[in-house]
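Participant: Need coordinates for the below:
(one chain, ligands or ions: 1)
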Amino acid sequence: MAATASPLTRLAEQLLEQAKALDAYNASNNLPPASFDTESFVELPLEVENQRRAVIDMAQDLKRLAQGPRDLLFDLWNMFADLANFHFIYHHNLPQHVPLEGTTTYGEIAAAVGVDEVLVRRMLRIAMINRLFVETPEGRVGHSAASRILRLEPAGMDAGGFFIEEMFPAAAKMVEAMKKYPGSGEPNETGFNLAFNTSRPFYRELQATPERVRRFGFAMRWFTSGGRFSVDHLVKGYDWAAFDHEGGVLVDVGGGHGAITFALAQATKNLRFVVQDLPVVAAQGAKTVPSELQDRVSFQAHDFFTPQPVKGADIYFLRTILHNWSDVQASRILGQLLPALKDGSRIVVYEFLPGDVATTAWTDKQPFNMDMIQAIGFNSIERTASDWARLFQSVDRRLEFLGTRTSPGSNMSLIEAQFHEDGNHVA
Ligand SMILES: C[S@@+](CC[C@H](N)C(=O)[O-])C[C@H]1O[C@@H](n2cnc3c(N)ncnc32)[C@H](O)[C@@H]1O
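Facilitator: Below you'll find the predicted structure:
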């Protein structure tokens with residue numbers, strides 16, 4: 001009698017099937033097979049994207065099964081080492097010191113950044129285990145696909161810089177902050193506040209240093225590029241055309257440097273956009289409006305804890321805003337919109353949406369990563385669908401929660417509410 005396949009073998013067999021499907025997709029589209037040298041799986045049809053996700057989830061479990069629980073624990077605990085290693089790479093901007101094509105030596109990199117060669121070699125070899133950079137058989141250094149992205153896309157380094165220089169120090173202080181301020185929903189009683197020795201909330205603290213504002217804004221823009229993060233999911237995932245008429249207005253509340261507004265403006269013809277943010281952000285963003293959008297896009301300095309100055313807009317749009325604020329603060333932000341709303345105005349929120357039950361799928365983890373960021377830096381929460389329903393209902397009975405929707409292949413979700421002047425939608 002044949003022995004029943006073990007979980008390890010079963011998983012490996014299932015994975016093999018999906019991996020072959022991915023290879024077949026590349027081959028039939030004249031794409032090179034996936035490798036660490038070139039970027040692969042950039043834009044995929046939904047079915048193939050689902051196969052890719054299945055491979056990732058199974059590979060992750062396969063690795064963990066093979067590791068066993070002890071190695072799994074060490075892997076977890078050593079994550080700080082990888083982050084410290086990346087900090088070195090970020091600080092010395094090492095991707096820029098490795099040529100796009102061809103290779104260089106550890107000595108040349110060390111001389112260029114003014115650091116000891118042995119130290120540079122140690123750091124790069126650790127990075128190589130994470131598939132950043134490669135060492136040739138001759139002992140020279142070149143790019144991997146991932147480090148090449150960091151060389152070609154400075155905003156990718158900004159994204160890394162935000163994680164490593166803002167959130168990583170704050171993370172180390174999260175538990176201390178929770179002990180010092182038990183149950184706090186205040187934005188200035190966080191790990192970030194202890195790490196940076198400031199009483200200002202994260203975004204206010206950044207305002208004091210325009211370079212930190214710039215880096216954060218560029219990071220946010222970078223997060224809208226590519227795959228499951230692509231802004232295309234938002235552009236295609238909502239009926240913007242229904243509002244694209246003469247006189248239609250969308251207010252992008254806390255719209256940062258305007259990345260989302262620019263994408264929505266490109267996809268519409270008549271809709272006008274007002275991007276609101278704190279003064280330094282709004283001033284930086286205003287300088288970047290593409291010339292063809294200048295008659296429909298404007299920036300405005302506005303604190304969303306004060307009354308909304310644009311009255312009667314069709315849509316008040318908040319992307320990754322409310323997740324940075326506890327329920328008490330988020331209710332205050334929504335409350336400042338109320339006097340500006342007209343009958344039928346929509347509040348459209350775009351956020352990560354963790355499921356209401358636990359998951360072990362690695363590809364479902366992003367909303368949970370974001371939830372950790374909220375706990376570390378903001379004393380806030382990444383809300384589930386039922387949390388959103390509760391939040392809107394608690395703000396005002398005239399707000400009808402219309403529900404959530406997630407475009408296939410997207411890792412963010414749309415959450416929508418509508419204002420009814422007479423409150424008659426209430427059953
Ligand atoms: C996570 S970012 C999101 C930016 C943009 N919505 C996006 O998705 O790219 C949060 C934004 O809220 C802005 N912000 C924070 N506090 C604010 C306030 N009190 N009034 C207006 N904007 C604020 C920040 O400056 C930042 O641009």
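
Participant: Remind me which helix or strand V348 belongs to.
Facilitator: strand 346-351 (DSSP states H and E).

Participant: and that strand, which strands flank it?
Facilitator: With DSSP bridges as the test, strand 346-351 is paired with strand 315-319 (parallel), strand 413-419 (antiparallel).

Participant: Show me what the helix of greatest length in the chain packs onto, helices and strands only.
Facilitator: Identified as the longest helix of the chain according to DSSP state H is helix 46-77. Taking 3 or more CB pairs under 8 Å, 6 or more residues apart in numbering; DSSP states H and E as contact, the helices and strands that helix 46-77 lies on are helix 7-28. Bear in mind the C-beta positions are built from the backbone N, C-alpha and C, glycine included.

Participant: Show me what from the protein comes close to the ligand.
Facilitator: Residues of the chain found near the ligand, taking CB under 6 Å from any ligand atom as the criterion, are 203, 220, 254-256, 259-260, 277-278, 281, 302-305, 319-321.

Participant: The same query, at a cut-off of 8 Å, please.
Facilitator: Contact residues, the chain versus the ligand (CB under 8 Å from any ligand atom): 201-204, 206-207, 213, 216-217, 220-221, 223-224, 252-257, 259-260, 276-278, 281, 302-305, 318-321, 323-324, 333, 350.

Participant: For the closest residue to E153 other than its chain neighbours, give me phi and psi.
Facilitator: Using CB to CB, 6 or more residues apart in numbering and skipping the chain neighbours, the partner closest in space to E153 is W222 (6.9 Å). Its backbone dihedrals place W222 at phi -60, psi -30, with angles given as degrees, to the nearest 10.

Participant: Could you pull out the strands in the chain for me?
Facilitator: 134-135, 141-142, 249-253, 272-277, 297-301, 315-319, 346-351, 399-405, 413-419 (DSSP state E).

Participant: Including mean pLDDT, could these go into a markdown table?
Facilitator: As requested, the strands of the chain are arranged in a markdown table below (pLDDT from 0 to 100):
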| stretch | mean pLDDT |
| --- | --- |
| strand 134-135 | 98 |
| strand 141-142 | 98 |
| strand 249-253 | 98 |
| strand 272-277 | 98 |
| strand 297-301 | 98 |
| strand 315-319 | 98 |
| strand 346-351 | 97 |
| strand 399-405 | 96 |
| strand 413-419 | 97 |
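
Participant: and those strands as JSON lines, adding distance to R390?
Facilitator: As requested, the strands of the chain are arranged in JSON lines below (distance: least, CB to CB, whole Å):
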{"stretch": "strand 134-135", "distance to R390": "50"}
{"stretch": "strand 141-142", "distance to R390": "52"}
{"stretch": "strand 249-253", "distance to R390": "21"}
{"stretch": "strand 272-277", "distance to R390": "26"}
{"stretch": "strand 297-301", "distance to R390": "30"}
{"stretch": "strand 315-319", "distance to R390": "17"}
{"stretch": "strand 346-351", "distance to R390": "14"}
{"stretch": "strand 399-405", "distance to R390": "9"}
{"stretch": "strand 413-419", "distance to R390": "12"}
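
Participant: would you turn these into TSV with mean neighbour count?
Facilitator: Shown next, in TSV, are the strands of the chain (neighbours: other CB atoms under 10 Å):
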stretch	mean neighbour count
strand 134-135	16
strand 141-142	21
strand 249-253	25
strand 272-277	24
strand 297-301	19
strand 315-319	24
strand 346-351	23
strand 399-405	17
strand 413-419	22
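
Participant: now for the ones you listed, which one comes closest to V175?
Facilitator: Comparing the strands of the chain by their distance to V175 (CB to CB), the top pick is strand 346-351, with 25.3 Å.

Participant: Take the closest one, keep the C-alpha atoms, and write them as PDB.
Facilitator: Written as PDB, here are the backbone C-alpha positions of strand 346-351 (Å, rounded to 0.1, in the frame of the first residue of the first chain):
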ATOM      1  CA  ARG A 346     -19.800  60.400  -0.900                       C
ATOM      2  CA  ILE A 347     -17.000  59.700   1.500                       C
ATOM      3  CA  VAL A 348     -14.700  57.300  -0.300                       C
ATOM      4  CA  VAL A 349     -11.900  55.800   1.800                       C
ATOM      5  CA  TYR A 350      -9.100  53.600   0.400                       C
ATOM      6  CA  GLU A 351      -7.300  51.400   2.900                       C
END
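
Participant: Now list the buried members of the residues of the chain next to the ligand.
Facilitator: Neighbour counting with 16 or more other CB atoms under 10 Å marks 201-203, 206, 213, 216-217, 220-221, 223-224, 252-257, 259-260, 276-278, 281, 302, 304, 318-321, 323-324, 333, 350 as buried within the residues of the chain next to the ligand.
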